Each structure stands twice: as C-alpha cells, then as structure tokens.
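I'd like to go over a predicted model; first the sequence, then the structure.
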Amino acid sequence: MHDQIIRATALNATIRIFSASTRNLVEAARIAHGLGPVATAALGRLLSAGAMMGCTLKNKKDLLTLNIRGSGPIGGLTVTADSLARVKGYALNPLVCLPARPDGKIDVGGAVGAGYFQIIKDMGLKEPYAGQVTLQTGEVAEDLTYYFAVSEQTPSIVGLGVLMEKDENSVSGGIVKCAGGFIIQLMPEASLDTISFLEERIVSFPSVTEILSVKADPVYLINKLLGDDAKIAITDTVKPSFYCNCDKERVEKALISIGKDELLQMIKDNETVEVKCHFCNSAYYFTNSDLQRISKIRA
C-alpha cells in the first residue's frame, strides 16, 4: 500500500486528527542514508511527524523544520517538510548502535539523550517562527506532545512508531516493515468528557506499529485508537513522500559561499571534489575546471 496521511475530525468535531502510514518514505530514507536500525527508528518517527505537521502549512512555499539535538550517541536529527507532506532529513550519526530496551524495543531515547526539540516555521514573513522545548524522553512522540502543550498551547496526543524486520539482502540487516503515527489535538470546545475518553483510549491502545503491522492504513489506525462510536469524519487525504529538491546548481552555490582559501586549496589539490547533500545523501562531483570557474564567480 502507498503511504498516506488523513486529516479528520471526530467526537462531534471536538478533536482534529492527523493519521499516517509512512513505511515507504521511511524505507527510502533508510536506503538513502544507509541508516542502522536505531537511526531508522529515530529519524523515521521524526519524518512521520514532519509529514503530518507539513499538512498544516497553508502556502506552497511554507516550510517546517524539526530539529532534535541531544547528548546521546546519535547526536541529533533534522527534518524539513512542506505543505505537500514532502519530507527529507538526516541523523548526525546514521550508524549509532545500542542494545534494545528491556521491553525489546529500539532505544531511541537512549540514542538521543538529553537536549532540546526545536521547530521552525518559515511562512514567508520577515522572521520565521521558532519554538523550542527541553527534551522530555528523547522518544520523539512524547517530546512533540510536550512541545505542542508548552510552545503552542495546544493540548495534543502524539503516537509515532517504526518497526524493523530482518532482511539478509539489507546491509544493516533490516528493512522497515511499517511506520507511521497520529497527532490528535483538542479543539477549544472539547469537554472534560472528551478528554477523559481520550485518556482511557490511549491507556488501552497497544502501539502504533502493532496496529500498522496488521494493516498499513491510517484510517484503520485511527479507528482502532478511537473506536467505532467516535464519528470520525475524514476531511482530506495526502500522499507523503521522501523528497529532496537538491541539484548540482544548488550545491554549487554552497561551494561559492565557502572560504576563499579553502576553495583555492581544493583547486591546488587538483582532484575531483565530492559534495553530498545532508538531507538525501546524493553526491555531486566538481572537477578542477568546475572549481576554477566557481572561484572566479566568488571573486
């Protein structure tokens, strides 16, 4: 099944919902960056969150950036998303390796450690909006829930998950079996009964990946979470993707901006230079004649 995000309301329109199945885009990120299982789980959760949050952007040029920086061995994660739910991102340490938690799950919190969660929204204004909170667990979903409550004053429930399965043909030994999540936010008219209902459902809910491994469908996920009587009304569907808009011209502009001495040293070395995009790991090559041309532009 292809990846999909649904936007919906439920409980007489007192909550709004984003629900996503993102296996394909997370697997694309794993392949592009050669991610190990821990980094796949961590970055996959943030990519899924970014894709759902991207759906809230109103204009085509609006951009959303999610940054996590922590003291753990993964170092940090960065994801950007646009209004079409196209996401890209990277982990600072793509091959971080940690033992599983006592419950057998991948230790994303241990990989991230203590630090901060920052979200930047560039909506074409003079200055982008930036909000930042201290990491609570490093598990991404809990930290995003905390961010919504503290930075945006929006009571929310966030669930995210990435499930790996063994594959002998994979360099890391595993591929993404399923991935996705949900974001539920209370509307101003939500009652105490609505809050109590959600609390009860979350307590008994197994996990995002347990549901998606049965059926990789965001509608199925949210139905399992809220039940048959929640009166779920789907308002929109979006197809998210792992997408990067880098090209050689963009990378060349980055080379123009580096220090003059560094550029001259590259020319002196007389070797073809490889430059990789942080977000998708695509490689671009510049010959000595390319570098000489760039140095003239910079001058």
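Alright, I've got the coordinates.

Okay, now the sheet partners of the strand ranked longest in the chain, with direction.
Counting residues, the longest strand found in the chain (DSSP state E) is strand 174-186. Based on DSSP bridges, the pairing partners of strand 174-186 within the sheet are strand 15-21 (antiparallel), strand 156-166 (antiparallel).

Most tightly packed of these?
strand 15-21 (a mean of 26; mean count of other C-beta atoms under 10 Å). Glycine gets a C-beta too; all of them are placed from N, C-alpha and C.

and for that one, what are the contacting residues?
Applying C-beta atoms under 8 Å, 6 or more residues apart in numbering, the contact partners of strand 15-21 are 1, 3-10, 48, 51-53, 55, 178-187, 190, 194, 198, 212, 216-219, 221-222, 232, 240.

Could you find the closest non-adjacent residue to the residue most central in space within the chain?
Nearest to the mean C-alpha position of the chain, counting by C-alpha atoms, centre = their mean, stands residue 47 at 1.7 Å. Of all residues not flanking residue 47 in the chain, residue 87 sits nearest, at 5.0 Å (C-beta to C-beta, 6 or more residues apart in numbering).

Report the contact partners of that neighbour.
25, 47, 50, 51, 54, 79, 80, 81, 240, 241, 242, 243.

Now do the same for it: helix, strand or coil?
When classified by DSSP: H, G, I helix; E, B strand; the rest coil, residue 87 comes out as strand.

ditto for residue 138
Judged by three-state DSSP, the three-state class of residue 138 is coil.

what residues are up against it?
Residues in contact with residue 138, defined by C-beta under 8 Å, 6+ apart, are 68, 70, 72, 108, 109, 110, 111, 112, 113, 114, 115.

Dihedrals phi and psi, the last one?
Residue 115 has phi and psi values of phi 170, psi -140 when expressed as degrees, to the nearest 10.
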